[in-house]
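Undergrad: got a sequence here, can you model it:
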Amino acid sequence: MSDIANRIAALSVEKRDLLMRQVQERRNTASATFEQYDVAILGGGMAGLTLALQLKKERPATRILVVEKQKHPVPEATHKVGESTVEIGSGYLRDVLGLEEHLKTQQLRKFGLRMFFSADDNQDIARRVEVGPSAPPSLHTYQIDRGRLENMLGSTIQQQGITFLDACKVKQISLQQNYHSLQLQEQDRAFGIVARWVVDASGRSSLLKRRLGLVKDVAHNANAAWFRVGQTIDVNAWSNNAEWHARITDGDRSLSTNHLVGPGYWIWLIRLASGSTSVGIVTDPAIHPFEDINRFDRALAWLHIHEPQCANVIEQYRADVQDFLVMKNYAYSCRQVFSSERWCLTGESGVFTDPLYSPGADFIAIGNDLICDLISRDLNGEDIQARAAIHDQVFLSFADIWFGIYEQQYALLGNVQVMAAKIIWDVAAYWGIFGLLYFHDQFRRLGYNPELTAHLSRFSLLSIRVQAFFREWNALEQPAVTDTFVDYYTALAFMIELHAGMVTRLPAAELQAQFAANIQFFERLAGQMVSEVIEECAKHPDDAAMQRQVQFWQTDPFLANLLSLYQQGATSNPIDSNWINLAHKNKQAVEPNTRLVKS
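TA: Residues are numbered from 1 along each chain as shown. Predicted structure coming up:
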């Protein structure tokens, strides 16, 4: 090697320049033998296909390749789980990608989140505490047949001029300074491509995350088993109780994402447009060992013990069971998802929190927005080094807040009193914080808005303390509650206002004020909850554990500040307290004068 270097050094300046040009020309010739793209997306599932479509819409000149290992078209019904969407994910599909017609005609409109908590032996659904809306929320959400959606997206992106290679595997990834190179295998054909950007949308295969050593474990631990039944499971048919049916003033219960909830577990029941029903079992392994649900016969036996009414329905359709899959310890995070070195992770290739509340499509929507921003700016010649670091921090901070909703919280599932309050808090915060930011396109701008960032950090601290409060409250003895309906939407004025407020399209200055007002409202709402629970505990002076907990709450500076904020506005701007102590709140109280007042 030193001899070659000496010989090059001995050349004249002109000859050295000529040699360097010849070497560069050979390199360019070698690169020219590979197909070149601006963006190569590894994975043609929901995350990858939607990203490709969004990139093409935002920057039509972009040359995009999508590589998918499965052959298309994929089967309907049994393709993938993650069938339920909420407001952000639905808005992304409908408004950003322009898929409203598909959602209206080929998927099912969802009738909100609905939970039924255990009562007695779970043989009568009408006896269970029900948490859900009595009428459909104004913003549409959807139950998604993933196979049907991804088949449509696969066809759509090809019509838009995007190269889609199905039944094609990624054999090698080489991240380089100017263009990354990929080695692909399509049946018997091996070939290479080069791309300026590589986006990992490979799901749990996590091609880039594993290669780059970015895997990050999390404290949340839960397991899941699921299957599809080729029949419609209609929870309306589970009871002939007229009063139970009369709770719903408009809508069809069977179109909700229905949950059967008990100590350490929950079941999902999701109707699909293809006529099948998705059934899932999600458990805390500290209470329900994975081995109890990891085969269909075991899962069905488990259902007979814990959810016999559901198990009896499954028995009727046993011949129509279409598949059975399991996932152990499914939650995980990532140390980095976006890089100025022109690679990104989207969907489950980066982060997966939990299926409860159906946040999967939301993470895709927010992540893809940030990725599109980075790629478009880079391809337009902008330096994105600082922006990539900021977007990465924004996304992972959002994920951390979301993990806090689940970590250590499965122990609460058997406590209907605490869980009813938690569901309302979690949904309200989703609408009033994350929904407001997303529908005003603020995630791309968040890192450049110090005021919004400061407010979000303030909410993050509040969320951590409130989730801890739920655990502390759960440790206290609670009265049994049955035969109760908690309408978390129609019966609470603040929920209606938060839901509608997401999409009000406020100008920048008004948005700043509204976001600040929402943060203040949640501080007051938390203070109200603490106040109500302390007041209820005061009725049990002989319960030593309860009184010790009350003393701890009363001397906690963080909670003391929340109590003060709540009390300051209790008269001038009251908040309906009927959402908190459902065991002791039997009145139909709605206070329409409760409003989120801008500061």
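
Undergrad: so how far is Thr504 from the nearest residue to Ala500 once chain neighbours are set aside?
TA: Sequence neighbours aside, Ser138 is the residue nearest to Ala500 in space, at 6.3 Å (criterion: Cβ to Cβ, 6 or more residues apart in numbering). Glycine gets a C-beta too; all of them are placed from N, C-alpha and C. In this structure, Ser138 and Thr504 are 12 Å apart, going by Cβ to Cβ, to the nearest Å.

Undergrad: please apply the same query to Val326.
TA: Val326 sits at a distance of 43 Å from Thr504 (criterion: Cβ to Cβ).

Undergrad: stretch 534-544: which residues count as buried?
TA: For stretch 534-544, burial by neighbour count (16 or more other Cβ atoms under 10 Å) applies to Ile534, Glu536, Cys537.

Undergrad: how about TSV for the residues you listed, with pLDDT, secondary structure and distance to Gln528 added?
TA: As requested, these are exported to TSV (pLDDT from 0 to 100; DSSP: H, G, I helix; E, B strand; the rest coil; distance: Cβ to Cβ, whole Å):
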residue	pLDDT	secondary structure	distance to Gln528
Ile534	96	helix	11
Glu536	92	helix	13
Cys537	93	helix	15
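
Undergrad: let's have the residues you listed in JSON lines, adding distance to Ser276.
TA: Output for the buried residues of stretch 534-544, formatted as JSON lines (distance: Cβ to Cβ, whole Å):
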{"residue": "Ile534", "distance to Ser276": "48"}
{"residue": "Glu536", "distance to Ser276": "44"}
{"residue": "Cys537", "distance to Ser276": "47"}
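
Undergrad: before we move on, the earlier item: Val326 and Thr504: who's more crowded?
TA: Summary of the neighbour comparison: Val326 and Thr504, criterion other Cβ atoms under 10 Å, with Val326 having more neighbours (17 against 12).

Undergrad: what's the average pLDDT for the strand or helix carrying that one?
TA: When elements are assigned from DSSP states H and E, Val326 belongs to strand 325-327. Confidence over strand 325-327 (mean pLDDT, whole number) is 97.

Undergrad: go on, stretch 243-255?
TA: Averaging the model's pLDDT scores along stretch 243-255 yields 97.

Undergrad: coming back round to it: so what's the residue count around the residue nearest to Ala500?
TA: As a burial measure, the neighbour count of Ser138 was computed by other Cβ under 10 Å and equals 10.

Undergrad: wait, it sits on Glu497?
TA: No. With contact defined as Cβ atoms under 8 Å, Ser138 does not count as touching Glu497 (11.3 Å).

Undergrad: which residues does the most centrally placed residue in the chain contact?
TA: Compute the mean C-alpha point of the chain, and by Cα atoms, centre = their mean the closest residue is Pro359, 1.6 Å away. Contact partners of Pro359, counting by Cβ atoms under 8 Å, 6 or more residues apart in numbering, are Val86, Gly89, Thr353, Trp402.

Undergrad: so which of those is the closest to Pro285?
TA: Within those, proximity to Pro285 (Cβ to Cβ) peaks at Thr353, which comes in at 16.9 Å.

Undergrad: residues in contact with the closest one?
TA: His220, Ala331, Pro359, Phe363, Ala399, Trp402, Phe403, Ile405, Tyr406.

Undergrad: quick check: phi and psi on it?
TA: Backbone dihedrals for Thr353, given as degrees, to the nearest 10, come out at phi -90, psi -70.

Undergrad: Val229 too?
TA: Torsion angles, degrees, to the nearest 10, at Val229: phi -110, psi 130.

Undergrad: so what's the residue count around the residue lying closest to Gln231 once chain neighbours are set aside?
TA: What sits nearest to Gln231 in space, not counting adjacent residues and going by Cβ to Cβ, 6+ apart, is Tyr317, at 4.7 Å. For Tyr317, the neighbour count with other Cβ under 10 Å is 15.

Undergrad: Tyr317 and Leu269, how far apart?
TA: Tyr317 sits at a distance of 12 Å from Leu269 (criterion: Cβ to Cβ).

Undergrad: and for Ala167?
TA: Distance of Ala167 to Leu269, computed by Cβ to Cβ: 33 Å.

Undergrad: looking at these two, which is more packed in?
TA: The residue with more neighbours, out of Ala167 and Leu269, is Leu269; 22 against 13, by other Cβ under 10 Å.

Undergrad: ok, the helix or strand harbouring the more buried one: who's next to it in the sheet?
TA: The secondary structure element spanning Leu269 is strand 265-271 (assigned by DSSP H and E). When pairing is defined by DSSP bridges, strand 265-271 lines up against strand 257-262 (antiparallel), strand 277-283 (antiparallel).

Undergrad: pipe these into TSV and attach distance to Gln568 and mean neighbour count per row.
TA: Converted to TSV, those look like this (distance: least, Cβ to Cβ, whole Å; neighbours: other Cβ atoms under 10 Å):
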stretch	distance to Gln568	mean neighbour count
strand 257-262	36	24
strand 277-283	40	25
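
Undergrad: among those strands, which is nearest Arg7?
TA: Nearest to Arg7, of all the strands paired with strand 265-271, is strand 277-283, at 67.9 Å by Cβ to Cβ.

Undergrad: next one: whatever helix or strand comes next after that closest one to chain centre, how far?
TA: Sequence-wise, the next helix or strand beyond strand 277-283 is helix 296-306, with elements assigned using DSSP H and E. Once both centres are worked out by Cα atoms, centre = their mean, to the nearest Å, helix 296-306 turns out to sit 28 Å from its chain's centre.
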